[in-house]
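Student: this is the structure alone, sequence omitted:
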């Protein structure tokens, strides 16, 4: 059973999970996924290799669960970071605090196609994945032990994606992660001072500056943030204020999918199919409809190593000004 | 000129430095340092390849600056992250905040020997490096533009050490880095509640639990922290309360060097000469002698990749319980 442990100085929770595979050697860029993917548990025909599915989309309305003929499939992770059964059992250990690693870890298999290439992805691909994520978040909201749900995607070996088959992940956890709490606190201070949402202000500023804009449509805007930590870091924000991703409307989902497709295609073009992580920052489950917080997506291409300086300070050095990164991306197809 | 930019939501400063080399490809574990190191700017005889030295130790009291015959040499980094000349020029850019990248970036060349191996390092090696760092910090304290000095070492390509020649670094900056500020704030809350230093309490707890202890001597203790973020993460703390590294006594420096040597040798043995970053967290320059803060060293072997989940949450998953890591290290030579 994984466990949460709390750093007694800064209150950062860490998951200690001895069941996870640990190699002394760091996977390298020369490492690649196996050519033969007949053993891929996410491929059609291999449904028996995963735990029973949580939901699936199919063109066949009479499809039996865990059979073929799906277009998208949501399954529990075979090696979950957090386990769904049990209670948190918050307790002390001397001066320290810990609790059991309770939560949910689900995989959204986005397509039956193992080798789907970036340039054959259509916006509807992301639309379907977002609809599934929203449905899962709405369902997981019923579990009162949970405080936060992280919806994210790691793409490529360097971004730590264990499986090549296109997928994204949901991790539902009994704590609000530190980075999200920091954002909420910062946004709240700004709101207290200005009586405006800081993210709404950022959108206005970016649309007026134009310098860092990557793409825009009716409901969304994509830009490289002013204080980008990483080269080509790109954020996607909904223009309409909302703190909760799963409050997204059908129209907005289409627009969100379209801009995701456009931005990821540009990143893939400019950065030679670079590995990346994309994550959605949304409000905690028990703090809905916040005036001061604004959900958004952060996309971080995995291009540089961080080392002692970054770890030790939380101060990042970025060699690519976001204005330059945005220009490259904007001018790419 | 590099510039500091402030994230408007969480207040995190980022250094945007377009002058730094940026490759699209991430250096891999198979990459190695060049075999021929005749062009190493840190080697004796190549003193002309660096900017003029700031200080040096030598057995020859009459040695001319920037000549051979040194045992340790401190130089300004040829490609500094921050520049020493100029003023901060704090200013706005629309809703955003920025300032010039003012500070100091110095390299401590720890030895004339390019290929010094871990097992031929003696404790005096670290003692000399620490004495030089303390001398530099005391001198840099005179520059009132500076708020913080980070003393750190990256070892190995995977830890982003550009040069193979043994060296550590000092970065003096006009801000207090976010991670240090978080520690100070957390420690202050603890002190307000308990009227005790949280780090002093951690030392007592660790010495009494014994489970996570790696090594101990008269003035220092080394252990794997209870909520370790990374496998084999190890902290070294002075037993006597002090918030400022450069307040260290001569006796303590010897003990600190001895335990550093011991811990790094153990890490090298257990983890096959793994890359690592080691950093000293000390009090900000303008907040001396804090009752609630306690300087310490954090050593992080570079063994695993972090990906979307960690970036997006600040929540780390560690597959090696610190109790196991400490046992391996303790039992190694």
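Tutor: Looks like it came in fine. Not measured: the values here are computed from a predicted model.
Student: against chain B, how distant is residue A:115?
Tutor: 22 Å (Cβ to the nearest Cβ, to the nearest Å). The way it works is simple: take the backbone N, C-alpha and C, and place the C-beta from them, glycine included.
Student: how far away is that residue from residue A:47?
Tutor: The spacing between residue A:115 and residue A:47, counted by Cβ to Cβ, to the nearest Å, is 19 Å.
Student: how about the helices in the stretch 101-250 of chain A?
Tutor: Under the criterion DSSP state H, counting those that start in this stretch, helices of the stretch 101-250 of chain A are mapped to A:123-140, A:178-194, A:198-209, A:250-270.
Student: out of the ones you listed, which comes closest to chain B?
Tutor: For chain B, the closest of the helices of the stretch 101-250 of chain A is helix A:178-194, at 3.7 Å, according to Cβ to the nearest Cβ.
Student: which is the next helix or strand following the helix-or-strand element of chain A with minimal mean pLDDT?
Tutor: When each helix and strand of chain A is scored by mean pLDDT, DSSP states H and E, helix A:308-313 comes last, with a mean of 72. The helix or strand immediately downstream of helix A:308-313 is strand A:316-318, counting by DSSP states H and E.
Student: which residues does that next one contact?
Tutor: A:228-231, A:233, A:306, A:309-310, B:12, B:14-17, B:20, B:81 (Cβ atoms under 8 Å, 6 or more residues apart in numbering or on different chains).
Student: most neighbours among these, which one?
Tutor: residue A:228 (27 neighbours; other Cβ atoms under 10 Å in any protein chain shown).
Student: I'd say it and residue A:324 touch.
Tutor: No - applying Cβ atoms under 8 Å, one finds residue A:228 not in contact with residue A:324, separated by 10.4 Å.
Student: how many residues are close by the closest residue to residue A:200 other than its chain neighbours?
Tutor: Excluding its sequence neighbours, the residue lying closest to residue A:200 (Cβ to Cβ, 6 or more residues apart in numbering or on different chains) is residue A:241, at 5.6 Å. When neighbours are counted by other Cβ under 10 Å, residue A:241 registers 18.
Student: tell me which of the contacts of strand A:316-318 is nearest to residue A:90?
Tutor: Nearest to residue A:90 among these is residue B:12, at 29.8 Å by Cβ to Cβ.
Student: that closest one reaches residue B:6, doesn't it?
Tutor: Yes - between residue B:12 and residue B:6 there is a contact under Cβ under 8 Å: 7.3 Å.
Student: what sits in contact with each of those two?
Tutor: residue A:227.
Student: ok, back up a step: mind listing what the residue nearest to residue A:200 touches?
Tutor: A:197, A:199-200, A:291, A:294.
Student: identify each buried residue in stretch A:239-254, please.
Tutor: A:239, A:241-248, A:252-254 (16 or more other Cβ atoms under 10 Å in any protein chain shown).
Student: how far away from the center of its chain is it?
Tutor: Relative to its chain's centre, stretch A:239-254 lies at 16 Å (Cα atoms, centre = their mean, to the nearest Å).
Student: quick one: end-to-end length of that stretch, please.
Tutor: Stretch A:239-254 has an end-to-end distance of 14 Å (criterion: Cα to Cα, to the nearest Å).
Student: give me the mean pLDDT for that stretch.
Tutor: On average, the pLDDT along stretch A:239-254 is 98.
Student: same deal with stretch A:323-333?
Tutor: For stretch A:323-333, mean pLDDT is 94.
Student: got it, and stretch A:60-70?
Tutor: Mean predicted lDDT for stretch A:60-70 stands at 94.
Student: buried sites along it?
Tutor: residue A:70.
Student: what does stretch A:200-215 give?
Tutor: A:200-203, A:205-206, A:209, A:211-215.
Student: is it true that residue A:248 touches residue A:256?
Tutor: Yes - in this structure, residue A:248 is within contact of residue A:256 by Cβ under 8 Å, at 6.8 Å.
Student: which neighbours do the two share?
Tutor: Common contacts of residue A:248 and residue A:256, defined by Cβ under 8 Å, 6+ apart, comprise A:130, A:238.
Student: enumerate every residue touching the residue lying farthest from the centre of chain A.
Tutor: Relative to the centre of chain A, the most outlying C-alpha is that of residue A:94, 35.0 Å out, by Cα atoms, centre = their mean. Counting by Cβ under 8 Å, 6+ apart, residue A:94 touches B:205, B:208-209.
Student: out of those residues, which touch chain A?
Tutor: When contact is defined as Cβ under 8 Å from any Cβ of the partner chain, these meet chain A at B:205, B:208-209.
Student: of all the residues you listed, which comes closest to chain A?
Tutor: residue B:205 (4.9 Å).
Student: and chain A, split by domain according to the record?
Tutor: A:3-21+A:33-177, A:179-331 (automatic domain parsing).
Student: please report how far the spatially most central residue of chain A lies from residue A:44.
Tutor: Note on chain A: the residue nearest the mean C-alpha position is residue A:152, at 1.8 Å, using Cα atoms, centre = their mean. Plainly put, residue A:152 is 24 Å away from residue A:44 if you go by Cβ to Cβ.
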